[in-house]
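Q: Turn this into a model:
(one chain, ligands or ions: 1)
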Amino acid sequence: MSTTAPASWGRYPSSQPRCLLPCRDAQMPTLPAEPQFCLPFGNGRSYGDVCLNNGGTLLLARGLDRFIAFDPATGILRAEAGVLLSEILALIVPQGWFLSVTPGTQMITLGGAIANDVHGKNHHWAGSFGCHVRAFELRRSTGERLLCTPAQNADWFRATVGGLGLTGLITWVEIQLQRIANPWIVAENRRFASLDEFLALNAEYEARYPYTVSWIDCAARGRVLGRGIYMAGMHAPPGLMKSPPPERRALTVPFAPPVSLVNNLSVRWFNRLYYHLPRPARGLTPYQPFFYPLDNLLEWNRLYGRRGFFQYQCVIPPAAAREALREILARIAASGQGSMLAVLKRFGDKTSGGLLSFPRPGFTLALDFPNLGQKTLDLLGSLDEVTRQAGGAVYPAKDARMSGDSFRRYFPQWAEFSRYIDPRFSSSFWRRVMKN
Ligand SMILES: Cc1cc2nc3c(=O)[nH]c(=O)nc-3n(C[C@H](O)[C@H](O)[C@H](O)COP(=O)(O)OP(=O)(O)OC[C@H]3O[C@@H](n4cnc5c(N)ncnc54)[C@H](O)[C@@H]3O)c2cc1C
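A: Predicted structure coming up:
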């Protein structure tokens, strides 16, 4: 048993599990005697408390780290649930395959990708991660061992995809990959001066590009509210580029300063500079900086200081999006809080069927906020008002403070879902949103 308490990426809230149990050999470890609750822990890349279990047991799923099978003819890969996406990419990219869906970091496990049904820049074409899962094994504390596919034990499949680790331990996963010709991306960058310009550009680019995302200057107000940079990409066709991309050397933020280096002043200056920075309108780029720009700065979450930070990611239905996004951005700009890392994109209609999956048709906006205590909680509470009124939802993987009432509105299938929770499993997140 280890004693270091694993943390989530936002470094908030702090949590002290009573017991850490490493998982090995696709088995459920022997659980401690009741009444302690258990929760699988992947690689801690969730921002808030979905991967935390204060006072309970964490099942350290990274130990499930073996590849089981890979067929380079069909692109079907089976691996244990603690394998990282970065490890999968190292195996498959040289053989002409790529993940069908990838989030903005490759440092997550297969189990974590399923439990939050993660999405990427290609949601409008490919849906979420769960849409490309062919099968997985779910082990329950009751001794049950369920093979789950979209057709077999389909109800367990739908509960576990996006199921926040609560239905049991996923031991192995089988996914379908997509073919690529080389590791390069044809990328386009366009500056836009307002939210309306973004909406027009988005309609044009989404039809042509599988990957789209926009950076938003969340410090901009008034006429230029919602200005930003539109980024679109596609895998480069054969023949365009043959050489392998150069090696990237990662830097590490060595320690967390006592106060956040991300503050009102640094955000305003960074955003202004970043918006005006000259960048090529079109070019070839290796896949790593295109998909994972932040993975090159290891432990970048320390920049927010010892109090940690919040992430707020909401999705707003298409019909309400223009007004609601304007209101959210205006509230953030007026508060003087906000981030350098604000991203906006549209989710398409394709869903995985996961009962608690976050992605749904609409526009999704994600931002980081240094933790300034009550001031930040008040701002995020006021953003919730807008999201709720617009019929939207907030992403549990990025949350550390939404109310139980908001959660139940955002995820009306929560009661149906709760029938599938393993009797020995719970999380800090689940106890929080079921309590208030
Ligand atoms: C820089 C950065 C960028 C990100 N970009 C995106 C993005 O673009 N899109 C997106 O959707 N998300 C994004 N995320 C969030 C991240 O992809 C998710 O939070 C992901 O679920 C983290 O996976 P993990 O392996 O670190 O799992 P953890 O964070 O440790 O756990 C996440 C959940 O998975 C459960 N779990 C883990 N392993 C298992 C298992 N074996 N069996 C059952 N349950 C399990 C846990 O109980 C928990 O509920 C980003 C995060 C970071 C830090």
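Q: quick one, helices of the stretch 101-250 of the chain?
A: Secondary structure of the stretch 101-250 of the chain (DSSP state H, counting those that start in this stretch): helices at 110-115, 123-126, 154-160, 195-206.
Q: Quick one: distance of the last one to the chain centre.
A: Averaging C-alpha coordinates over helix 195-206 and over its chain gives two centres that are 23 Å apart (Cα atoms, centre = their mean, to the nearest Å).
Q: Outside of that helix itself, list whatever touches it.
A: 124, 188, 190, 192, 212, 214, 216, 225-228, 230, 232, 322, 325-326, 329, 344, 346 (Cβ atoms under 8 Å, 6 or more residues apart in numbering). Where you see a C-beta, it was placed from the backbone N, CA and C, and this is true even at glycine.
Q: before we move on, what about the first one?
A: Applying Cβ under 8 Å, 6+ apart, the set of residues contacting helix 110-115 from outside is 40, 42-43, 45-46, 50-51, 61, 64, 79-83, 85, 88, 103, 118, 129-130, 133, 136, 160-165, 169-170, 173, 175.
Q: Give the rounded mean pLDDT of that helix.
A: Here helix 110-115 scores 98 as its mean pLDDT.
Q: Single out the most deeply packed of the helices of the stretch 101-250 of the chain.
A: helix 110-115 (a mean of 30; mean count of other Cβ atoms under 10 Å).
Q: That one near the ligand anywhere?
A: Yes. Using Cβ under 6 Å from any ligand atom, helix 110-115 comes into contact with the ligand via Gly111, Gly112, Ala115.
Q: With distance to Ser14 added, can I get the residues you listed in TSV?
A: TSV is the format used below for the residues of helix 110-115 next to the ligand (distance: Cβ to Cβ, whole Å):
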residue	distance to Ser14
Gly111	23
Gly112	20
Ala115	22
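Q: closest to Glu385 among those?
A: Ala115 (28.3 Å; Cβ to Cβ).
Q: Surely Leu344 is in a strand?
A: Yes. Leu344 sits within a strand when classified using DSSP: H, G, I helix; E, B strand; the rest coil.
Q: beta partners of it?
A: Counting by DSSP bridges, Leu344 forms beta bridges with Ser214, Leu365.
Q: Within range of the ligand, give me the residues from the stretch 151-300 of the chain.
A: Leu164, Gly165, Leu169, Ile170, Leu294.
Q: how about the nearest residue to the third one, chain neighbours excluded?
A: What sits nearest to Leu169 in space, not counting adjacent residues and going by Cβ to Cβ, 6 or more residues apart in numbering, is Arg139, at 4.7 Å.
Q: hey, where'd the strands end up in the stretch 201-350 of the chain?
A: Taking DSSP state E, counting those that start in this stretch to define them, one finds strands in the stretch 201-350 of the chain at 211-216, 228-235, 251-252, 282-286, 297-298, 309-316, 343-347.
Q: so who does the closest residue in space to Arg408 that isn't next to it in sequence touch?
A: Leaving aside its chain neighbours, Arg408 sits nearest to Trp414 (5.6 Å; criterion: Cβ to Cβ, 6+ apart). Counting by Cβ under 8 Å, 6+ apart, Trp414 touches Leu356, Phe407, Arg408.
Q: Would you state the helices of the stretch 301-436 of the chain in chain order?
A: So, for the stretch 301-436 of the chain - with DSSP H, counting those that start in this stretch - the helices run 318-335, 374-389, 404-410, 414-418, 428-435.
Q: what angle do the longest one and strand 343-347 make?
A: Between helix 318-335 and strand 343-347, the angle comes out at 170 degrees (axes from the mean of the first three to the mean of the last three Cα atoms, to 10 degrees).
Q: Who are the packing partners of helix 318-335?
A: Judged by 3 or more Cβ pairs under 8 Å, 6 or more residues apart in numbering; DSSP states H and E, the packing partners of helix 318-335 are helix 195-206, strand 309-316, strand 362-370, helix 374-389.
Q: hmm, back to that, now mean pLDDT too, for the strands of the stretch 201-350 of the chain, in JSON lines please.
A: Below are the strands of the stretch 201-350 of the chain laid out as JSON lines (pLDDT from 0 to 100):
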{"stretch": "strand 211-216", "mean pLDDT": "96"}
{"stretch": "strand 228-235", "mean pLDDT": "97"}
{"stretch": "strand 251-252", "mean pLDDT": "78"}
{"stretch": "strand 282-286", "mean pLDDT": "93"}
{"stretch": "strand 297-298", "mean pLDDT": "82"}
{"stretch": "strand 309-316", "mean pLDDT": "96"}
{"stretch": "strand 343-347", "mean pLDDT": "97"}
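Q: Turn these into a markdown table, including distance to Asn153 and mean neighbour count.
A: Output for the strands of the stretch 201-350 of the chain, formatted as a markdown table (distance: least, Cβ to Cβ, whole Å; neighbours: other Cβ atoms under 10 Å):
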| stretch | distance to Asn153 | mean neighbour count |
| --- | --- | --- |
| strand 211-216 | 33 | 24 |
| strand 228-235 | 34 | 22 |
| strand 251-252 | 42 | 10 |
| strand 282-286 | 40 | 14 |
| strand 297-298 | 39 | 14 |
| strand 309-316 | 28 | 24 |
| strand 343-347 | 27 | 22 |
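Q: returning to that earlier point: look up how far Leu84 lies from the residue nearest to Arg408.
A: Trp414 sits 30 Å away from Leu84, taking Cβ to Cβ, to the nearest Å as the criterion.
Q: same check, this time on Asn153
A: On the measure of Cβ to Cβ, Asn153 and Leu84 end up 26 Å apart.
Q: what about these two, which has more around it?
A: Leu84 (22 against 17; other Cβ atoms under 10 Å).
Q: Next up, the contacts around the more buried one.
A: Asn43, Gln106, Met107, Ile108, Thr109.
Q: that older thread, among the contacts of helix 110-115, which lie within strands?
A: Taking DSSP state E as the definition of strands, those contribute Pro40, Ala79, Glu80, Val133, Phe136, Leu169, Ile170, Val173, Ile175.
Q: could you list every residue that touches the closest residue to Phe310 other than its chain neighbours?
A: If the residues on either side of it in the chain are set aside, Phe310 comes closest to Phe369, at 4.7 Å by Cβ to Cβ, 6+ apart. Counting by Cβ under 8 Å, 6+ apart, Phe369 touches Phe309, Phe310, Gln311, Tyr312, Gln337, Gly338, Ser339, Thr376, Leu379, Leu380.
Q: Give me the pLDDT value at whichever residue of the stretch 251-400 of the chain sits closest to the ligand.
A: Residue nearest to the ligand within the stretch 251-400 of the chain (Cβ to the nearest ligand atom): Ala397, separated by 3.7 Å. Note on Ala397: pLDDT of 98.
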